[in-house]
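[1] Sharing a model that was predicted from the sequence below.
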Amino acid sequence: SLALSNSKVALTVTGNNVTITNNGTLAQTGTGRAIRVNSATDVTGLVVTNNGTITTADADVIQITSSSSSATPTFGAVVHNYGTMTSFNATAGGSQVVDFAGITSGSNIINNHAGATMLAYDADAVRPGANGVVYNAGTIRSLRANTPLATLSADGIDLQANSGVSITNAATGLVDGARH
């Protein structure tokens with residue numbers, strides 16, 4: 001188990017061909033993210049497999065974004081969730097379970113397998129990047145906790161401005177958004 005209660009990111013990814021496997025508990029109880037890629041250069045070959053529990057109190061569980069205002073890095077990431085991933089989003093600041101909205105080139109695949117849960121409070125649960133693939137056989141859900149319904153941005157899956165996204169919801173899958 002790994003638990004942090006500060007504003008730091010629990011796991012920061014800076015290189016290529018990184019594999020993260022969680023078989024226990026990864027908990028960020030402060031304001032930091034659990035896993036983050038924030039790079040001005042290409043980061044490819046990231047594979048995150050969750051067989052346990054990953055939670056954040058007030059930040060994204062996994063986020064990939066560019067730290068450059070002039071370059072467009074290529075990102076490549078795959079998420080396999082067999083367990084539970086939850087963003088409690090305590091301040092209702094828009095903290096997703098998976099936020100790949102910053103991926104504009106490369107590949108991004110989000111697999112939420114049967115029996116698995118991706119849950120966000122007062123925010124979108126999943127934001128795939130451009131040309132992303134979402135496969136859901138479990139539960140992807142956004143719940144309303146503290147945000148007024150009129151201002152709530154809480155979709156199960158929100159594409160933002162990204163295009164080319166493919167979503168498959170299997171017979172066992174549930175995608176549920178609090179604002180719908």
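    Thanks, I have the structure now.

[2] my guess is A10 meets L4, correct?
    Yes - between A10 and L4 there is a contact under CB atoms under 8 Å: 5.2 Å. Where you see a C-beta, it was placed from the backbone N, CA and C, and this is true even at glycine.

[3] Please enumerate the shared neighbours of the two.
    Q28, G32 (CB atoms under 8 Å, 6 or more residues apart in numbering).

[4] quick one: which of those two has more around it?
    A10 (21 against 18; other CB atoms under 10 Å).

[5] Against G106, how distant is the residue nearest the centre of the chain?
    For the chain, the residue nearest the mean C-alpha position is V98 (0.8 Å; CA atoms, centre = their mean). For V98, the distance to G106 equals 15 Å [CB to CB, to the nearest Å].

[6] same deal with N131?
    8 Å.

[7] So which of the two has more stuff around it?
    G106 (20 against 16).

[8] Give me the pLDDT for that one.
    Note on G106: pLDDT of 85.

[9] In space, what's closest to I20 - neighbours in sequence excluded?
    V48 (4.8 Å; CB to CB, 6 or more residues apart in numbering).

[10] Give me the phi and psi angles of the one you found.
    phi -110, psi 120 (degrees, to the nearest 10).

[11] Kindly report the same for I157.
    Per degrees, to the nearest 10, the backbone of I157 is at phi -130, psi 130.

[12] Dig out what it forms beta bridges with.
    Beta-bridge partners recorded for I157 (DSSP bridges): V126.

[13] And what about G94, helix, strand or coil?
    coil (DSSP: H, G, I helix; E, B strand; the rest coil).

[14] List the contacts of it.
    When contacts are counted by CB under 8 Å, 6+ apart, G94 touches D122, A123, D124, S153.

[15] Show the contacting residues for the nearest residue to G138 once chain neighbours are set aside.
    Nearest non-adjacent residue to G138, counting by CB to CB, 6+ apart: A116, 3.7 Å away. Residues near A116 by CB under 8 Å, 6+ apart: N50, N81, Y82, G83, T84, M85, A137, G138, T139.

[16] Am I right that the fifth one is in contact with A27?
    No - using CB under 8 Å, T84 makes no contact with A27, being 11.3 Å away.

[17] Which residues are in contact with each of the two?
    Residues touching both T84 and A27 by CB under 8 Å, 6+ apart: T53, I54, T55.
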